[in-house]
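Asks: Pasting the sequence and the predicted coordinates here, then a few questions.
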Amino acid sequence: MNKLTIDDLSKNGDLKSNRVLVRVDFNVPMSKNDEGKITDDKRIVESLSTIKKIIFEGGRVILMSHMGRPKGEKNLKYSLRPVAMHLTDLLRKPVYFSDDCIGHDTKKIVNELKDGEVLLLENLRFYKGEEENDEDFAHQLASYGDVYINDAFGTAHRAHASTEGVTRFISKCAAGYLMQKELEYLSKAISIPAHPYTAILGGSKISGKIDVIKNLLTKADKILIGGGMVFTFYKAMGYEIGKSLLEEDRIGLAKELLHEAGSKLMLPVDIVASARFENDSPFEVVWGNEMPNDKIGMDIGPETIKQFRDEIVKAKTIVWNGPMGVFEMDNFAKGTVEIAMALADATKDGAVTIVGGGDSAAAIAKAGLEHKVSHISTGGGASLEFLEGKKLPGVEALTNK
Ligand code: AMP
């Protein structure tokens, strides 16, 4: 890692008695009916080692994050207050909360913070300046920190005020432990992967994943395709796809990718096809090239699961992003769950397995296999962009060692 890290700051005595401004990613899912209930606290838990380290060193912790998409307006539906309460429980010490992220009152709370105390600022996206990377907004945030740490891998692919703008005003900007861990796993997968290297891509659409497929073609030995994007490839091959998901404007591109990839790209040979897009709709397994014209492709079939599993257990490096089918519906979750199980088996046999994206992570959790893979990334979009070979602005902006 050629960027400054939290341990570098620690060794240099830069944490002690200093105001340490930390960008975390506390954009956690909240229950829709039970207001303020956090349904998955993985992102908060993953940031604890960075926060505890600063407390231990006697630094003053100022945490900032976004939550949801309030579109630049104060909307308490997206308040981070419940997160401050949850963090208080996790740390077993009070976490102060400022109900704004800039302004006079916030500045006062920051200045009154004592060594070892923790403060969480209100949602950064209550201001347009955050996503617009407004200089003045960034400057105000930066004024709270003597040093800066970015531990928000999930937002590192965005040049926002709190991920990029602030670094222009603070001389020492370092990566936190979570950021380091994410980069370490993902860098290994793209620069020095052990072979065979297998990538598994699924999810609804091909459009967000074209560049990653292109980049993986130069690195991976096999790319297994599942999910809704299968049908745009099928269409490109001249297959009937019934009422399955199709991105009409990507058919040409799918053709090109098929041509470029040759046998590297593996598509499902069979599909679970359903009459309607509903869990209790009748379904049948059909060959990929025999889709009935009135059915929807919902999941990969049993023969495909077998073929994909064979590839997965042979591999030494595996990256997975995107479910194999409509896994939210139990009847169409089998393909995704079986792939998760194959990943767990490969991990047991020594493969490095990396799962990115909220849906694949949720599928792993559904199968109870969270601890049976090497690394579950907290950033779906960021991990995809990294695998595409792009530089992440939130990482690039950190201080070089
Ligand atoms: P993405 O956000 O692109 O990773 O897509 C995730 C979504 O893809 C999930 O909500 C899945 O239900 C959906 N998905 C997976 N397979 C299919 C399919 N065959 N048809 C429609 N949607 C699908």
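Replies: Perfect, thanks for sending it. Nothing here was measured: the structure is a model prediction, and the numbers come from that model.

Asks: Domain parsing of this structure, as residue ranges.
Replies: For the chain, automatic domain parsing gives the domain ranges 6-181, 193-387.

Asks: Of the ones you listed, give the one that comes closest to the ligand.
Replies: In this view, the domains of the chain are compared for proximity to the ligand by Cβ to the nearest ligand atom, and domain 193-387 is the closest at 2.5 Å. (Each C-beta comes from the backbone N, C-alpha and C, glycine too.)

Asks: can you pull out the strands in the stretch 151-300 of the chain?
Replies: In the stretch 151-300 of the chain, the strands defined using DSSP state E, counting those that start in this stretch lie at 173-175, 197-201, 222-225, 265-266, 270-274, 283-287, 296-300.

Asks: Can I get these in a markdown table including mean neighbour count and mean pLDDT?
Replies: Shown next, in a markdown table, are those (neighbours: other Cβ atoms under 10 Å; pLDDT from 0 to 100):
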| stretch | mean neighbour count | mean pLDDT |
| --- | --- | --- |
| strand 173-175 | 28 | 98 |
| strand 197-201 | 26 | 95 |
| strand 222-225 | 24 | 97 |
| strand 265-266 | 20 | 97 |
| strand 270-274 | 25 | 98 |
| strand 283-287 | 15 | 98 |
| strand 296-300 | 28 | 98 |
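
Asks: Could you dump those strands into a markdown table and include distance to residue 350?
Replies: As requested, the strands of the stretch 151-300 of the chain are arranged in a markdown table below (distance: least, Cβ to Cβ, whole Å):
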| stretch | distance to residue 350 |
| --- | --- |
| strand 173-175 | 28 |
| strand 197-201 | 14 |
| strand 222-225 | 18 |
| strand 265-266 | 23 |
| strand 270-274 | 30 |
| strand 283-287 | 33 |
| strand 296-300 | 26 |
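
Asks: Figure out which of the ones you listed is closest to residue 377.
Replies: strand 197-201 (13.8 Å; Cβ to Cβ).

Asks: just to revisit the earlier point, and of the domains of the chain, who's closest to residue 394?
Replies: domain 6-181 (3.3 Å).

Asks: for the ligand, what are the nearby residues on the stretch 251-400 of the chain?
Replies: 297, 298, 322, 323, 325, 326, 328, 357, 359 (Cβ under 6 Å from any ligand atom).

Asks: quick check, nearest of these to residue 308?
Replies: When these are compared against residue 308 (criterion: Cβ to Cβ), the nearest one is residue 325, at 12.1 Å.

Asks: That closest one against residue 338, yeah?
Replies: No - counting by Cβ atoms under 8 Å, residue 325 stays clear of residue 338, with 10.3 Å between them.

Asks: the more surrounded of these two?
Replies: residue 325 (28 against 21; other Cβ atoms under 10 Å).

Asks: What are the neighbouring residues in contact with the more buried one?
Replies: When contacts are counted by Cβ atoms under 8 Å, 6 or more residues apart in numbering, residue 325 is found next to 202, 226, 227, 272, 298, 299, 300, 332, 333, 334, 335, 336.

Asks: Residue ranges in this structure under the pLDDT threshold?
Replies: In the predicted model, the chain carries pLDDT under 70 at residues 33-35.

Asks: just to revisit the earlier point, switch the contacts of residue 325 over to CSV; also include distance to residue 251.
Replies: As requested, these are exported to CSV (distance: Cβ to Cβ, whole Å):
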residue, distance to residue 251
202, 19
226, 19
227, 17
272, 23
298, 21
299, 22
300, 21
332, 24
333, 28
334, 28
335, 23
336, 25
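
Asks: What ranges does the stretch 1-150 of the chain have for its helices?
Replies: All helices of the stretch 1-150 of the chain, identified by DSSP state H, counting those that start in this stretch, fall at 6-11, 42-46, 48-56, 81-91, 104-112, 128-131, 135-142.

Asks: what's the third one packed up against?
Replies: Contacts defined by 3 or more Cβ pairs under 8 Å, 6 or more residues apart in numbering; DSSP states H and E place helix 48-56 against helix 6-11, strand 19-23, strand 60-64, helix 81-91, helix 177-191.

Asks: Run through who's touching the second one.
Replies: If I follow you right, that is strand 19-23. 9, 50-51, 54, 59-65, 110, 113, 141-142, 144-152, 155, 162-163, 166, 170, 176, 394.

Asks: Could you do the first one as well?
Replies: With Cβ under 8 Å, 6+ apart as the contact definition, helix 6-11 has outside contacts at 15, 20, 50, 53-54, 57, 147, 149, 172, 174-177, 180, 401.

Asks: Equivalent analysis for stretch 252-261, please.
Replies: 206, 210, 213, 214, 217, 223, 232, 233, 235, 236, 237, 265.

Asks: check contacts around the third one.
Replies: It stands for residue 213. Taking Cβ under 8 Å, 6+ apart as the test, what residue 213 contacts is 201, 223, 257, 261, 265.
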